[in-house]
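Asker: Would you be able to build a 3D model of this:
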Amino acid sequence: MKDKKAYKFIFPSIAIIVLIIGILVTQQKKNQDNKEILPQPKDVAFSEGHEEGEWIDKLNWIEGMHKCDSNVNWRAINYHNKYNQYLVNLQNKSKSNVISIADGELTGEWRETG
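Answerer: I've put the predicted structure just below:
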């Protein structure tokens, strides 16, 4: 009689342990497979095939495009404009994430992931 009770307890326990170990091994294998698929990042500022002279030409073109009086700092103006646009985007982002449902009974914040 005790043997039957022992089997009723031991068999499900062993089955659960084997199942948990199998799940953990499978998940670890999936993580290793994903790491092998993704390419390694490269420390390249520009794509291959670009000549060094092209970069200098681009800088000269940007300087020529922003040509202005010597008393005017176009970089400071550009920075100021980009910062103001950042603030506007930040305000718009914080407003658009709040969602109200059921006449305000349910409220929450929407986060886009992935």
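Asker: Show me where the protein has its strands.
Answerer: With DSSP state E as the criterion, the chain has strands at 98-101, 106-109.
Asker: who wins for proximity to residue 26 among those strands?
Answerer: Shortest distance between residue 26 and the strands of the chain, using Cβ to Cβ, is found for strand 106-109: 34.0 Å. All C-beta spots, glycine's among them, are computed from the backbone N, C-alpha and C.
Asker: Alpha carbons of the closest one, as CSV, please.
Answerer: Once non-C-alpha atoms are left out, strand 106-109 reads as follows in CSV (Å, rounded to 0.1, in the frame of the first residue of the first chain):
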residue,chain,number,x,y,z
LEU,A,106,-9.9,53.8,-17.3
THR,A,107,-6.7,55.8,-17.9
GLY,A,108,-3.3,54.6,-18.7
GLU,A,109,-0.1,55.3,-20.6
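Asker: so how far is residue 80 from residue 87?
Answerer: 11 Å (Cβ to Cβ, to the nearest Å).
Asker: Figure out which of the strands of the chain is closest to residue 29.
Answerer: strand 106-109 (35.7 Å).
Asker: Distance to residue 59, mean neighbour count and mean pLDDT for the strands of the chain - can I get that in CSV?
Answerer: Output for these, formatted as CSV (distance: least, Cβ to Cβ, whole Å; neighbours: other Cβ atoms under 10 Å; pLDDT from 0 to 100):
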stretch, distance to residue 59, mean neighbour count, mean pLDDT
strand 98-101, 43, 10, 72
strand 106-109, 42, 9, 72
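Asker: Can you get me a residue count around residue 74?
Answerer: For residue 74, the neighbour count with other Cβ atoms under 10 Å is 14.
Asker: What sits closest to it if chain neighbours are left out?
Answerer: residue 66 (4.2 Å; Cβ to Cβ, 6 or more residues apart in numbering).
Asker: Put together a markdown table for the strands of the chain, with distance to residue 62 on each row.
Answerer: Listed next are those as a markdown table, based on distance: least, Cβ to Cβ, whole Å:
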| stretch | distance to residue 62 |
| --- | --- |
| strand 98-101 | 39 |
| strand 106-109 | 39 |
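Asker: Give me the residue ranges of the chain where confidence is low.
Answerer: Counting by pLDDT under 70, the chain contains low-confidence ranges at 1-7, 31-39, 41, 43-52, 94-98, 114.
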